[in-house]
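*Asks:* sharing a model prediction with you, sequence too.
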Amino acid sequence: MNFILFNVWTPSEMANLQAHMLANAKALDGSLAKCSVDATTKTNWKMFFDQLSAFAQQKPQWLAPVGSDEVATTGTRADLLQNYQAELAAWQKLLGGKCNLSLPDFAPPVTTGTPQSLKYIAIGAGFIASAWVAHEIVKGVGMFRVSRA
């Protein structure tokens, strides 16, 4: 969901983007095995591929229980996903020039998962529910009661 300054990504959108990115990385890795590049490039690619694979195999959720293999979907996580996508595209360009790869250029898919209106409604409901919970807590604690004598 696009606002003026930020986007909201659902866990399912994050999971789809991660799967797409991992499939492209695996295809590039398979093509690189048939290509002769210097050892430093192969080592750097292997390190990047291992990090990307570990990241892409995590399961995004709205809230992640402690000790699970799930991770909370946050803005930082979305930024990290976009950084991995940009770096994968750069690797594809670099290795494509050296190896004559026939892979199509990596382009992240357009996220069309949840309709925009549903996202707005869900976020609005979350804010209203949070305000109600805060109100009930304050009311129950009696922090702001004025005693009348």
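*Replies:* It's in.

*Asks:* which elements pack onto the helix or strand in which I137 is found?
*Replies:* Assigned by DSSP states H and E, I137 belongs to helix 116-141. With contacts defined as 3 or more CB pairs under 8 Å, 6 or more residues apart in numbering; DSSP states H and E, helix 116-141 has no helix or strand neighbours. For the C-beta atoms, the positions are set from N, CA and C on the backbone; glycine is no exception.

*Asks:* what about K42, how many residues close to it?
*Replies:* 15 (other CB atoms under 10 Å).

*Asks:* what's the answer for A56, then?
*Replies:* A56: 19 surrounding residues under other CB under 10 Å.

*Asks:* wait, what's in contact with it?
*Replies:* Neighbouring residues of A56 by CB atoms under 8 Å, 6 or more residues apart in numbering: Q18, A19, M21, L22, A25, Y84.

*Asks:* ok, 7 Å please
*Replies:* Listed by CB atoms under 7 Å, 6 or more residues apart in numbering, the contact set of A56 reads Q18, M21, L22.

*Asks:* distance of the closest residue to the first one other than its chain neighbours from A122?
*Replies:* Residue nearest to Q18 in three dimensions, not counting chain neighbours: A56, with 4.2 Å by CB to CB, 6 or more residues apart in numbering. In this view, A56 and A122 are 25 Å apart by CB to CB, to the nearest Å.

*Asks:* picking up where we left off before, what is the nearest of the contacts of A56 to A90?
*Replies:* M21 (13.2 Å; CB to CB).

*Asks:* domains of this structure?
*Replies:* Taking automatic domain parsing as the domain assignment, the ranges for the chain are 11-113, 115-149.

*Asks:* could you list the buried residues of the helix or strand hosting T43?
*Replies:* For T43, the element it lies in under DSSP H and E is helix 39-56. Neighbour-count burial for helix 39-56 flags W45, F48, F49, L52, F55, A56 (criterion: 16 or more other CB atoms under 10 Å).

*Asks:* same deal with stretch 89-105?
*Replies:* Buried-residue list, stretch 89-105, by 16+ other CB under 10 Å: A89, W91, Q92, L95, G96, C99, L101.

*Asks:* which secondary structure element of this structure has the lowest mean pLDDT?
*Replies:* Using mean pLDDT, DSSP states H and E, the weakest-scoring helix or strand in the chain turns out to be strand 70-72, at a mean of 54.
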